[in-house]
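Participant: Here's my sequence, what's the structure:
(chains A and B)
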Amino acid sequence: AQRVTQPEKLLSVFKGAPVELKCNYSYSGSPELFWYVQYSRQRLQLLLRHISRESIKGFTADLNKGETSFHLKKPFAQEEDSAMYYCAPSNTGKLIFGQGTTLQVKP
Amino acid sequence: EAGVTQFPSHSVIEKGQTVTLRCDPISGHDNLYWYRRVMGKEIKFLLHFVKESKQDESGMPNNRFLAERTGGTYSTLKVQPAELEDSGVYFCASSRNFPGELFFGEGSRLTVL
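Facilitator: A predicted model of the protein is given here:
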């Protein structure tokens, strides 16, 4: 069965600290992997996708096929990074969302 | 360019009543998706339209839910009759390409009393 696990419901860090949001997936085939983000009072939006290998707002995500993980990282968290983050693999066009991790960056 | 719009933003109905949610995708986006988030749980896929055709409706919970996309433009999701467990936020998303970036609406919150 297709499954996405984001083990942390809440991650709280201080501004300037490194942050890593974990994502593990169980998926048949070779899914494409995405991170979506929802800031307060905004709609869900794409943060980054594995295939583009971009760094968006300082975030990067490395695909580890051996561990089936796609953790999201940022070396220095900012207060404006506070949001809900969703890991979402897809291999048929439809996204399968994890339960989400709330990132809280304290001043 | 207008984003994905959903109506209503919030609907409160009684168990057994009918509710119809509407989604207007971004113009030119052939792919339209419905998702929902039930309280405390993850965002779950409901179905996927390509133009007016249902490409994948594997996530539709039961036959009380009916989705349509006549003419391949806007889509409606009807719940009839509504049950308490249908309460949640229903999201619509659209994309130009398949697979591609999904653009989400703000969601329609449904409360069934």
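
Participant: I'd guessed residue B:4 sits against residue B:105; true?
Facilitator: Yes. At 3.9 Å, residue B:4 counts as touching residue B:105 under the criterion of Cβ atoms under 8 Å. C-beta here means a position set from N, CA and C on the backbone, and glycine is covered the same way.

Participant: who has more neighbours, those two?
Facilitator: For residue B:4 versus residue B:105, neighbours defined as other Cβ atoms under 10 Å in any protein chain shown are more numerous around residue B:105 (25 against 22).

Participant: Let me see the contact set for the more buried one.
Facilitator: A:43, B:3, B:4, B:5, B:6, B:23, B:91, B:92, B:93 (Cβ atoms under 8 Å, 6 or more residues apart in numbering or on different chains).

Participant: Tell me the confidence at it?
Facilitator: Here the pLDDT value assigned to residue B:105 is 97.

Participant: Kindly report the same for residue A:30.
Facilitator: What the model reports as pLDDT for residue A:30 is 77.

Participant: Quick one: distance of stretch A:23-30 to the chain centre.
Facilitator: Here the centre of stretch A:23-30 is set off from its chain's centre by 14 Å, with Cα atoms, centre = their mean, to the nearest Å.

Participant: Now do the buried residues in it.
Facilitator: Buried positions in stretch A:23-30, judged by neighbour count with 16 or more other Cβ atoms under 10 Å in any protein chain shown: A:23, A:24, A:25, A:27.

Participant: now the strands: where do they sit in chain A?
Facilitator: Using DSSP state E, the strands of chain A run over residues A:3-5, A:10-14, A:19-21, A:24-26, A:32-38, A:45-49, A:60-64, A:69-74, A:83-90, A:101-106.

Participant: Same list (these) but as TSV, adding distance to chain B.
Facilitator: Compiled in TSV, those are given as follows (distance: least, Cβ to the nearest Cβ, whole Å):
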stretch	distance to chain B
strand A:3-5	8
strand A:10-14	14
strand A:19-21	15
strand A:24-26	13
strand A:32-38	6
strand A:45-49	5
strand A:60-64	15
strand A:69-74	16
strand A:83-90	6
strand A:101-106	11
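
Participant: Compute the distance between the closest residue in space to residue A:84 that isn't next to it in sequence and residue B:76, please.
Facilitator: On the basis of Cβ to Cβ, 6 or more residues apart in numbering or on different chains, the spatially nearest residue to residue A:84 that is not a chain neighbour turns out to be residue A:38, at 4.6 Å. Residue A:38 sits 24 Å away from residue B:76 when distances are taken as Cβ to Cβ, to the nearest Å.

Participant: All good on my end, thank you.
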